[in-house]
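Undergrad: Predicted model and sequence below, questions to follow.
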Amino acid sequence: MPIRGLTDRQSATPRFTRLGKIKKGEIRNDRPVDLDYFRFVAEGPEVAAITDAFETVYGGEPREITIYLPYKTVEENWQTWMEEWGKSGLIHRCDGEFMTQWINGDKTYVRDPEQKQAKPCPYASGEKERTDKNPGCTQIGRLAAIVPELVIAGFVGYVTVEIHSKNDLANINNSVLDAEGKAETAGRPNGLQGIEFRLRRVPETIGIRYEKTVKRNGKSIGTGEFIKTQGEKWMVRLDPAREWVLKQLETSKQQALGYSAQRPALVMDVEPVTITAVDGADLTPDDALDAPFEIIEGEVVEENTEPETEEINPETTAMTAQDAAEVTTAKGTRIGDLTQEQLSVVIEAYSKQDVVSGLNPEERQRFEAAQMLRSYYADDDQARPF
C-alpha cells in the first residue's frame, strides 16, 4: 500500500540515479553567460570519475552529444514549467496560469500536481509585479537523457539537459513531438525509447530584443526603451540519428504502396519494463535497442548484422547463465544484479561501441553476459535465480 504524499504515484516520479546536468551557459560575475558549447556538471559521490568518463569521449567543450530518451512518451522525458527561485530554493512552480507547487509562510511546500486547488500564479494574476530585481517565474525545460558512453564506463543513470531559452524550448519540444508522432505511425511499442538523438549547439541568426541603458553613478540603468535587432546565437538542437530517419522513410514508403497491414519496419520485440518510483525526482529514464531491418517483397525481415562467430547461443557457448551472472561491469557490479532495463542499456551501449571502435576482451565478455541474461529473463521477467 503506497504512503499518501510519499510513495503514491501522484507524489513520485520513476527514475534512475541522476549522474549530472548538461547546461548551455554558466554564471560569470553574478550574471548568466550563454556558451557556444555544452557544459557537463556531474553529481553524486563519484563526480571526478563521472566527469572523466564524459570528457574522455566528448572533451570539456562539446558541441554535439549522442543521447537516448529513456521513456516512451514526451511527457515522461520532457518537462517544462514556469519556476520562481530564491536563495533558499524553489518558491513556486506553475504552468503560467496555475501553480502545482509553492512554499507557504511556514516554509513548508504545498504540492498540487493535478491543480485541484486552482491556485493562480501570483505574477499571472497580478498579485505580484515583475521587476528587474525580481523577474518572478521564468520558463525552464528539463530533458531526461541517457549518455551511452557513461553506461559503458559503468555509470548507469541519466543526465538532465536543462534549457531556459524560449527558442531552445520550442526547438526541443517540436523535435520530441515529431519523433513521438513518427514512432506512433510506425507502430513502435516503445515510443521514444531506443531512438538515437544528436544533441547539438548550432549558430543561428535570431531576433534579439534588449533594453537600452544609461550609465548613472557607474551603474547601467534601464531606460524602459526596448530595441529590436538580429544577432547570432548558439542554439540547442535535438535531431534523430540519420539511420532512424531513413527507417521512417522506408516504413512510410511501404505504407504508401499498400502494405499498411504489414508489421512496420521499426517495431522491435522488447519487453516493457517498470521502474520503481522514487520521491523528489523531476524526471526519468530507461532504454531499448533499434534493430536494423530490410524490406523484401513487402515482408519485414530482420537483418543479421553480426557474424555467426559473435552470436550468443546458450546451448553451445562455454559461458553458462550462472557464469554470465558473475561477470562484473567496469565499476564492479555483477551483471546478474542488473535489472532488465539496465541490461538493455548496457547492451545498447556496447553494441554502439562495437560498431564504432570495437570491444576489448573484457568489454566483449560483459556484452555477451548481458545478452545472455536478457535472453534468459525474456521467458520469465520475474526470474532472478542468480
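TA: Structure received. Residues are numbered from 1 along each chain as shown.
Undergrad: Show me where this protein has its helices.
TA: According to DSSP state H, the chain carries its helices in the segments 47-58, 74-77, 148-152, 166-186, 242-256, 321-326, 340-356, 361-378.
Undergrad: Name the surrounding residues that touch the second one.
TA: In other words, helix 74-77. For helix 74-77, contacts defined as C-beta atoms under 8 Å, 6 or more residues apart in numbering pick out 69, 70, 71, 143, 144, 145, 176, 177, 180, 192, 283, 284. Where C-beta positions appear, they are placed from N, C-alpha and C, glycine not excepted.
Undergrad: Go through it and flag the buried ones.
TA: Across helix 74-77, burial judged by 16 or more other C-beta atoms under 10 Å covers 74, 76, 77.
Undergrad: Just name the closest of those to residue 322, please.
TA: Nearest to residue 322 among the buried residues of helix 74-77: residue 76, at 35.4 Å, using C-beta to C-beta.
Undergrad: any idea how far residue 199 is from the closest one?
TA: Counting by C-beta to C-beta, to the nearest Å, the separation of residue 76 from residue 199 is 18 Å.
Undergrad: With residue 368 instead?
TA: The spacing between residue 368 and residue 199, counted by C-beta to C-beta, is 30 Å.
Undergrad: Then residue 62?
TA: When distance is defined by C-beta to C-beta, residue 62 is 9 Å away from residue 199.
Undergrad: Mind listing the shared neighbours of the two?
TA: Taking C-beta under 8 Å, 6+ apart as the contact criterion, the residues that touch both residue 62 and residue 199 are residue 38.
Undergrad: Looking at these two, which one has more neighbours?
TA: Here residue 62 and residue 199 are set side by side on neighbour count (other C-beta atoms under 10 Å), and the busier one is residue 199, at 22 against 18.
Undergrad: my guess is the more buried one contacts residue 236, does it?
TA: Yes - counting by C-beta atoms under 8 Å, residue 199 sits close enough to residue 236 to count as a contact (7.2 Å).
Undergrad: Touching both of those two, which residues are there?
TA: Taking C-beta under 8 Å, 6+ apart as the criterion, residue 199 and residue 236 both touch residue 161.
Undergrad: and the helices of the chain, which is most packed in?
TA: For these, the largest average neighbour count (mean count of other C-beta atoms under 10 Å) is found in helix 148-152, namely a mean of 22.
Undergrad: helices or strands up against that helix?
TA: Using 3 or more C-beta pairs under 8 Å, 6 or more residues apart in numbering; DSSP states H and E as the contact definition, the elements that helix 148-152 packs against are helix 47-58, strand 64-68, helix 340-356.
Undergrad: who wins for most neighbours among the contacts of helix 74-77?
TA: Each of these was scored for neighbours by other C-beta under 10 Å, and residue 69 scores highest at 30 neighbours.
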